[in-house]
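S.K.: sequence and computational prediction follow.
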Amino acid sequence: MFDVYKIREDFPILGRKVNNTDLVYFDNAATSQTPNQVIDSISNYYKKYNSNIHRGLHSLSAEATSQYEESRSKVREHFGISQNHEVIFTSGTTHGINIISSGLQSFLTKKDEIIVSAMEHHSNIVPWQMLCEKTGTNLKVIPINNDGTLNIEEYKSMLNPNVKFVFVNHVSNTLGTINPIEQIIELAHKNKSKVLIDGAQGAAHLKINLMELNVDYYVASAHKLCGPTGVGFLYGKSELLKSLPAYQGGGEMISNVTFEKTEYADLPHKFEAGTPNIAGVIAFGTALDYMNSIGFDNIENYEKELLEYATEKLKKIDGVKIYGDNKQKISVISFNIGNHHPSDIGSILDQFGIAVRTGQHCTQPIMDFYKIPGTVRASFSFYNTKSEIDLFIDALLKASKMLG
Ligand SMILES: *Cc1c(COP(=O)(O)O)cnc(C)c1O
């Protein structure tokens, strides 16, 4: 049923050449590629019903509004969310985190503590540091184990009545580690702490039910799951979002404006000020439809196969060190070869048309933990193939030889 070559036909970019060879795209953790269905969804909007939403009474506006709101229903259904108004459209994961960090300013004090982990993306670190600077709140960090998992025993010992919030990623974009978020959430809730999960990677690779997870906030970006850039969503439990101050002021987020006092609109509009990325939100819904038509079970199984295939081959190359080689991970491999600088390897791979990421991957604390300047990161998606992995391994052997 799962036919990768058939699936690849949906992705026009996979047919292009880079440096005179077929593109091999292994930078999916940075952004995924876009299928025709999603590209068509964007162009249909501009060709057929481009119009502002929630404002006009005319037919185009009604069509655009209904498509936009249908995307909200698709996100609700796909992520197992109970109510549409708990889905806030954002410009992406970073925006979602900033809505919460800005809203929490009025709730946190010097006495309080918040917890992040040492394997967070900078976008799940910096907003909390900025918040702590304003409120005097203490930032605590869950350490990493050498195998790239989180030190849960240490996390347990960090929980105390002053801890108000825990911010952890579902899946590490650098190591690929799937964190035990069920356990992290349960422990936090026993401690009366709230939890925000950065789902930028988790949402792209795993089927998730947010109601079952009982998480307080979850954020993700469309562009990592075959959708367009500049769109994402923030999920929050209704009562929490209602208690949070609005983030930006403007049109669409108010119910009554006078110079004496402005009343804010109800959820979700309170957090969606101004004209949103309408085409992007609609195409996000199409991307979810597309991925569901392939099936997340199929995606998970196939990506696991790719991960195991590549890991085994990679380990046979002299001097390869993989960071975060543990059992619970998605199809991301961070590695180095001997003392070669990751960017030297990356540029040679590019000469062979192979796109990987090199550097710190917005996770400097992970690099500091392993005492390395960076890694080469290959991240696979369900449209990649084993023969692409063979090309990648060949190119790595050549790179290793060239660099001596
Ligand atoms: C990509 C990523 C982000 C940032 O997402 P944006 O779309 O750039 O806002 C945050 N966290 C993780 C784990 C990511 O992979």
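M.R.: Ah, there it is. Residues are numbered from 1 along each chain as shown.
S.K.: give the contact list for the nearest residue to residue 229 once chain neighbours are set aside.
M.R.: Excluding the flanking residues, the one nearest residue 229 by CB to CB, 6 or more residues apart in numbering is residue 223, at 4.3 Å. Using the backbone N, CA and C atoms, a C-beta is placed for each residue, glycine as well. By CB atoms under 8 Å, 6 or more residues apart in numbering, the residues touching residue 223 are 31-32, 92, 229-232.
S.K.: spatially central residue for this structure, please.
M.R.: With distances taken as CA atoms, centre = their mean, residue 200 lies nearest the centre of the chain, 1.0 Å away.
S.K.: and the two most separated of the contacts of residue 223?
M.R.: The span of the contacts of residue 223, defined through CB to CB, is set by 32 and 230 at 14.1 Å.
S.K.: host element of the closest residue to residue 71 other than its chain neighbours?
M.R.: Spatially, and ignoring its direct neighbours in sequence, residue 71 is nearest to residue 285 (3.3 Å; CB to CB, 6+ apart). Assignment of secondary structure by DSSP states H and E places residue 285 within helix 278-294.
S.K.: for the first helix or strand past that helix going along the chain, buried residues please.
M.R.: Next helix or strand after helix 278-294 toward the C-terminus (DSSP H and E): helix 296-315. In terms of neighbour count (16 or more other CB atoms under 10 Å), helix 296-315 has its buried residues at 299-300, 302-303, 306-307, 309-311, 313-314.
S.K.: and this structure, which residues reach the ligand?
M.R.: For the chain, the residues in contact with the ligand (CB under 6 Å from any ligand atom) are 92-94, 121, 123-124, 169, 173, 198, 200-201, 221.
S.K.: now the buried members of those.
M.R.: Here, 16+ other CB under 10 Å leaves 92-94, 121, 123-124, 169, 173, 198, 200-201, 221 buried among these.
S.K.: got TSV for those, with secondary structure and pLDDT too?
M.R.: Formatted as TSV, those follow (DSSP: H, G, I helix; E, B strand; the rest coil; pLDDT from 0 to 100):
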residue	secondary structure	pLDDT
92	coil	98
93	helix	98
94	helix	98
121	coil	97
123	helix	97
124	helix	97
169	strand	98
173	coil	98
198	strand	98
200	coil	98
201	coil	98
221	strand	98
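S.K.: OK, now which residue of the stretch 301-404 of the chain is nearest to the ligand?
M.R.: Per CB to the nearest ligand atom, residue 362 is where the stretch 301-404 of the chain lies closest to the ligand, at 7.0 Å.
S.K.: is it true that that residue touches residue 122?
M.R.: Yes - with contacts counted by CB atoms under 8 Å, residue 362 reaches residue 122, the gap being 4.5 Å.
S.K.: now, the contacts of residue 223 that are in strands?
M.R.: residue 232 (DSSP state E).
S.K.: ok, and the most crowded of the contacts of residue 223?
M.R.: In terms of neighbours by other CB atoms under 10 Å, the contacts of residue 223 top out with residue 232 at 30 neighbours.
S.K.: check contacts around that residue.
M.R.: By CB under 8 Å, 6+ apart, the contact list for residue 232 reads 89-93, 95-96, 219-223, 284.
S.K.: what's across from it in the sheet?
M.R.: Assessed by DSSP bridges, residue 232 has beta-bridge partners residue 90, residue 221.
S.K.: read off the pLDDT value for it.
M.R.: On pLDDT, residue 232 comes in at 98.
S.K.: what about it, distance to residue 392?
M.R.: Applying CB to CB, to the nearest Å, the value for residue 232 to residue 392 is 29 Å.
S.K.: what do you get for residue 205?
M.R.: Residue 205 is 19 Å from residue 392, where distance means CB to CB.
S.K.: again, but for residue 260
M.R.: Counting by CB to CB - residue 260 and residue 392 are separated by 64 Å.
S.K.: and those two? Which one has more around it.
M.R.: Taking neighbours as other CB under 10 Å, residue 260 and residue 392 compare with residue 392 leading, 22 against 5.
S.K.: so where's the protein shaky on pLDDT?
M.R.: Residues of the chain meeting the criterion pLDDT under 70: none.
S.K.: domains in it, as residue ranges please.
M.R.: Taking automatic domain parsing as the reference, the chain has its domains at 4-28+295-403, 39-292.
S.K.: any idea which element residue 250 lies in?
M.R.: Taking DSSP H and E as the definition, residue 250 sits outside all helices and strands.
S.K.: hmm, it is touching residue 273, no?
M.R.: Yes - counting by CB under 8 Å, residue 250 touches residue 273, with 3.7 Å between them.
S.K.: please say which of these two ends up with more neighbours.
M.R.: Set residue 250 next to residue 273 and count neighbours by other CB under 10 Å: residue 273 wins out with 18 against 11.
S.K.: now the strands for the stretch 51-200 of the chain?
M.R.: Along the stretch 51-200 of the chain, counting by DSSP state E, counting those that start in this stretch, strands occupy 87-90, 113-117, 138-142, 163-169, 194-198.
S.K.: nearest to residue 256, of these?
M.R.: Using CB to CB, the strands of the stretch 51-200 of the chain put strand 87-90 closest to residue 256, at 20.9 Å.
S.K.: so which elements touch that closest one?
M.R.: Using 3 or more CB pairs under 8 Å, 6 or more residues apart in numbering; DSSP states H and E as the contact test, the elements touching strand 87-90 are helix 59-78, helix 93-103, strand 232-236.
S.K.: other residues contacting that strand?
M.R.: Under CB under 8 Å, 6+ apart, the answer for strand 87-90 is 71-72, 75-76, 81, 96, 99, 219, 231-236, 241, 267-268, 271-272, 276-277, 281.
S.K.: give the burial count for residue 212, as a bare number.
M.R.: 9.
S.K.: and residue 192, by the same measure?
M.R.: Residue 192 is flanked by 10 other residues according to other CB under 10 Å.
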